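Peer 1: give me the fold of what follows.
(2 chains)
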Amino acid sequence: MKIPVALFARYREAAGRGRVEVDVPDGATVEAVWAALTALHPVLGRYRPHTLFAIGNEYVPPDRTVVAGEELACFPPVSGGR
Amino acid sequence: MYRVTEAPLSADALVDLVTVPEAGGVAVFLGVVRDNTAGRRVVALEYEAHVPMAEAKLKEIGETLHRRFTGIRQAAIVHRVGRLGIGEASVVIAVSAAHRREAFEACQFAIDTLKQTVPIWKREIFEDGSVWVGLQGESPPPD
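Peer 2: Alright, predicted model coming up:
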């Protein structure tokens, strides 16, 4: 199945685009989508330890199964400050 | 109102929105663009958001305020995106409550939570370069 992936902030800039489509087997997890994404854009690989994932408007864990028709958003931690 | 917008923010508009007859106090927080980061001169900040998710998370914060603090009457949070100059407001939070203590506490809770959960990122633009803010201890990627 083809899963659209939305990238934000430094991820978007590193990949050179805000949207990437990856091809993964049915039943693939968020982690598997990330692996497919970083295969296309290896520059993103180093960010994995900090990466947050979201589907729709909710954060999701890496072991969440992605269903056809869903879009995965990948992004760095939010802006912070104190 | 829980929104992400490219338009300049108006604190007055949010105060008007949350000021209701049952409120005895309105607390307002403005996040504004500071002219330096650890002494390095900042010329502008650029904010980027996952807009639909950010607006949903802002709304969740508002709902949490009503559950967590007693006497909250109205709340509104608006965050700006795009390029902002020094002194411009990036976020405005207004909370009205029956009494001042809850208004202050709810306002602080809202900004602290926003900084942790709402998918908005900022890039600091210096005179001689720029860097995405967020990952503590991470060296910026080579540009």
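Peer 1: bridged to A:Glu58, which residues?
Peer 2: Beta-bridge partners recorded for A:Glu58 (DSSP bridges): A:Ile55.
Peer 1: hmm, whichever helix in chain A runs longest touching chain B?
Peer 2: The single longest helix within chain A, with elements called by DSSP state H, is helix A:30-40. No. Helix A:30-40 is not in contact with chain B by C-beta under 8 Å from any C-beta of the partner chain; minimum separation 14.5 Å. For glycine as for every other residue, the C-beta is placed from the backbone atoms N, C-alpha and C.
Peer 1: buried residues of that helix, list them for me.
Peer 2: Residues of helix A:30-40 classed as buried: A:Val30, A:Ala32, A:Val33, A:Trp34, A:Ala36, A:Leu37, A:Thr38 (neighbour count, 16 or more other C-beta atoms under 10 Å in any protein chain shown).
Peer 1: that helix packs against which elements?
Peer 2: strand A:2-7, strand A:19-23, strand A:52-55, strand A:72-75 (3 or more C-beta pairs under 8 Å, 6 or more residues apart in numbering or on different chains; DSSP states H and E).
Peer 1: and those strands, which is most packed in?
Peer 2: Among these, strand A:72-75 has the highest mean neighbour count (mean count of other C-beta atoms under 10 Å in any protein chain shown), at a mean of 24.
Peer 1: paired strands for that one, with orientation please.
Peer 2: Counting by DSSP bridges, strand A:72-75 is paired with strand A:2-7 (parallel), strand A:52-55 (antiparallel).
Peer 1: show me what contacts the most centrally placed residue in chain B?
Peer 2: For chain B, the residue nearest the mean C-alpha position is B:Val91 (3.2 Å; C-alpha atoms, centre = their mean). Neighbouring residues of B:Val91 by C-beta atoms under 8 Å, 6 or more residues apart in numbering or on different chains: B:Leu9, B:Phe29, B:Leu30, B:Gly31, B:Ile77, B:Val78, B:His79, B:Arg80, B:Ile111, B:Leu114.
Peer 1: what about the helices in chain B?
Peer 2: Ranges of helices in chain B, per DSSP H, are B:11-18, B:51-68, B:100-117.
Peer 1: for the spatially most central residue of chain A, name its beta-bridge partners.
Peer 2: Here the mean C-alpha position of chain A is nearest to the C-alpha of A:Cys74 (C-alpha atoms, centre = their mean), at a distance of 3.4 Å. Per DSSP bridges, the residues bridged to A:Cys74 are A:Leu7, A:Phe53.
Peer 1: surely it meets A:Ile3?
Peer 2: No. In this structure A:Cys74 lies outside contact range of A:Ile3 using C-beta atoms under 8 Å: 11.3 Å.
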